[in-house]
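K.L.:
Predicted model and sequence follow; I will ask about them next.
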Amino acid sequence: MNHDGGKFDEARRRFLRGLGMATATAAAQPAWGGETFQDAFADFFQKDYRRMSTEEINAALERIERKAKSRYEVEIDCQNTPPQPGVVYGYAINISRCKGYRDCVHACVKENNLGRDSQMQYIRVLQLDQGDFNLEHSDHYYEPETVPVEGKHYLPIQCMQCDDPPCVKACPVEATWMEPDGIVVVDYDWCIGCRYCMAACPYWARHFNWTVPEIPAEEMNTNTHYLGNRPRPRGVVEKCHFCIHRTRKGQQPACMEACPTGSRIFGNLLDPDSEIRYVLANKQVFRLKEDLGTEPKFWYFSD
Amino acid sequence: MLPRKHDLFFYPCDQCHESMEPNPDIRPLNAMHDSTLEHGRGRIWCLSCHDLENRNYLKTLLDELVDIDEAYLVCGGCHANRQKDWVFGAHGKRIANWQGDRTLYNCTHCHDPHSPAIKARAPQPAPPVRAGLELKHGIDHEKTAIWESQEEHDEQ
């Protein structure tokens, strides 16, 4: 008996799956963790999210769940919650109250199933000298004993969900687009990993997934969305999606829920009674790099 | 709004104060309660917000009794602008949802009413640094001629 048989078998399986012609071997193999040859075949021929029929999307969701089971040994629930009519999301951050705790950053990593070793984080909290707004002077690796540091201020940045997103224009395969509720999303299965969008984004909001995310099974968030925090493959571009799996059901984004200072305000821009509209109407708000004309739906204010 | 009474160690205050003679003299406290009131910079004391007769209640500037769970009505007496922002959502923190029923933290959840400034605390860990992008702390980008020095280095 070949003691290395298992390893070799797996490598061979991966190779054959890539070619999409492993009919003979797959028939001879057991349904390994539920991931079968049919799944690999269907993955290969899966269409762009926007061109899939309901049945095709449902089949894709089930494949994602089976793949998560085999890769992470977790039963996840992958959904496809549609946008709510009459809702466009907007975000505002009170920079006079942000203390730079980074609670949002780590809540985001947990919520969005970001690899714990992949060095990727959707939110960066920039530390700047007071009165300085030159982002070139910012430091997001600050590590003082306690924050806030005297004479510094903090500016969290993440995807601004631009209303005229340059990343979408840059994508050569239309793997990224703006949903009707204003969230710019990525179809991770359609993305070819060319990273043009990362070059196009003026806010450093897009991140490239260099490795398969390593997530301990007990820390896996099982509430997932196709366009959001489902387990992603290696070699695709990801970004903040305003916690699409939560916000489309009326919940707050994870970063907002985690913020102990209440600096983060999220809501429906089309609802004149919403908190975000109160902020926009009554506070001195500004957006980052407004001169670029990307129309971010992400405001900063101070009081 | 989130109730708060059950978080209070001494509540209900009548447990002790029922059997005590009310003393309206302005003085520092020494038994049971800390005498460090960092709120108001010396312009207020206990009975500015607490009622003398009904110890379980707070009072407004107009001597109206206010339940402990509705402390925001007392805070608004001085901090009217903040209170307005809090009511409309520009200050304070909403719980759980952005849509539907609105539940808010009371002022006193986040601000200790006797020492309201938020205390500094340790931040969560910094993001890891990618290989090849190690930090160079203390570079003054306006004074250090990075490109020039790189060019010199390349020419050598």
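P.N.:
Yep, that arrived.
K.L.:
So which bits of chain B are right by chain A?
P.N.:
B:85, B:88-94, B:96-100, B:105, B:110, B:118, B:120-130, B:135, B:141 (CB under 8 Å from any CB of the partner chain). (Each C-beta comes from the backbone N, C-alpha and C, glycine too.)
K.L.:
Among these, name the ones in helices.
P.N.:
B:85, B:88, B:110 (DSSP state H).
K.L.:
Point me to the residue of chain B nearest chain A.
P.N.:
residue B:89 (2.8 Å; CB to the nearest CB).
K.L.:
Drop anything exposed from the residues of chain B next to chain A.
P.N.:
Buried members of the residues of chain B next to chain A, scored by 16 or more other CB atoms under 10 Å in any protein chain shown, are B:85, B:88-94, B:97-99, B:105, B:120, B:123-124, B:127.
K.L.:
report the longest helix in chain A, please.
P.N.:
helix A:54-72.
K.L.:
Between the two ends of stretch A:113-126, what distance do you get?
P.N.:
Taking CA to CA, to the nearest Å, stretch A:113-126 runs 23 Å from one end to the other.
K.L.:
do that stretch and chain B meet?
P.N.:
Yes. On the criterion CB under 8 Å from any CB, stretch A:113-126 is in touch with chain B at A:119, A:121, A:124.
K.L.:
In TSV: those residues, plus secondary structure and pLDDT.
P.N.:
Below are these laid out as TSV (DSSP: H, G, I helix; E, B strand; the rest coil; pLDDT from 0 to 100):
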residue	secondary structure	pLDDT
A:119	coil	77
A:121	coil	92
A:124	strand	93
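K.L.:
May I ask which of these has the most neighbours?
P.N.:
Counting neighbours by other CB atoms under 10 Å in any protein chain shown, the top entry in these is residue A:121, with 21 neighbours.
K.L.:
Tell me, how many residues neighbour residue A:184?
P.N.:
Residue A:184 has 26 nearby residues by other CB under 10 Å.
K.L.:
Next: the one 4 residues further on.
P.N.:
Neighbour count for residue A:188, taken as other CB under 10 Å: 23.
K.L.:
I figured it was touching residue A:229, is that so?
P.N.:
No. Between residue A:188 and residue A:229 there is no contact under CB atoms under 8 Å: 10.5 Å.
K.L.:
which ones are touching the nearest residue to residue A:109 once chain neighbours are set aside?
P.N.:
The shortest distance from residue A:109 to any non-neighbouring residue, by CB to CB, 6 or more residues apart in numbering or on different chains, is to residue A:121 (6.0 Å). Shown in contact with residue A:121 (CB atoms under 8 Å, 6 or more residues apart in numbering or on different chains): A:105, A:108, A:109, A:114, A:207, B:127.
K.L.:
tell me the SS of the second one?
P.N.:
Secondary structure state of residue A:108, per DSSP: H, G, I helix; E, B strand; the rest coil, is helix.
K.L.:
Let me know whether it touches residue A:257 as I believe.
P.N.:
No. In this structure residue A:108 lies outside contact range of residue A:257 using CB under 8 Å: 10.5 Å.
K.L.:
re the thing from before, name all residues that make contact with the residue nearest to the residue of chain B closest to chain A when sequence neighbours are not counted.
P.N.:
Leaving aside its chain neighbours, residue B:89 sits nearest to residue A:275 (2.8 Å; criterion: CB to CB, 6+ apart). Residues counted as contacts of residue A:275 (CB under 8 Å, 6+ apart) are A:265, A:266, A:267, B:88, B:89, B:90, B:94, B:98.
K.L.:
I'd like to know how far residue A:194 sits from residue A:166.
P.N.:
To residue A:166, residue A:194 is 15 Å away according to CB to CB, to the nearest Å.
K.L.:
what phi and what psi does the backbone show at the residue nearest to residue A:109?
P.N.:
phi -140, psi 130 (degrees, to the nearest 10).
K.L.:
the helices in chain B, which residues?
P.N.:
Using DSSP H, helices in chain B cover B:14-17, B:46-49, B:72-75, B:80-88, B:107-110, B:146-155.
K.L.:
okay if I get these as CSV plus mean pLDDT?
P.N.:
Shown next, in CSV, are these (pLDDT from 0 to 100):
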stretch, mean pLDDT
helix B:14-17, 84
helix B:46-49, 90
helix B:72-75, 94
helix B:80-88, 94
helix B:107-110, 91
helix B:146-155, 65
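K.L.:
how about these, which one is nearest residue A:90?
P.N.:
With CB to CB as the criterion, residue A:90 lies closest to helix B:80-88 of those, at 15.3 Å.
K.L.:
In chain A, what residue comes closest to chain B?
P.N.:
residue A:275 (2.8 Å).
K.L.:
Around chain B, pick out the residues from the stretch 1-150 of chain A.
P.N.:
So the stretch 1-150 of chain A meets chain B at A:94, A:99-103, A:105-106, A:119, A:121, A:124, A:136-137, A:140-148 (CB under 8 Å from any CB).
K.L.:
Can you tell me how far residue B:71 is from residue A:269?
P.N.:
Taking CB to CB, one finds residue B:71 at 32 Å from residue A:269.
K.L.:
hang on, I meant residue B:56
P.N.:
43 Å.
K.L.:
got it, and residue B:109?
P.N.:
28 Å.
K.L.:
Run through the residues that contact the nearest residue to residue B:51 once chain neighbours are set aside.
P.N.:
Using CB to CB, 6+ apart and skipping residues adjacent in sequence, the residue nearest residue B:51 is residue B:59, 4.3 Å away. Applying CB under 8 Å, 6+ apart, we find residue B:59 in contact with B:49, B:50, B:51, B:65, B:66, B:74.
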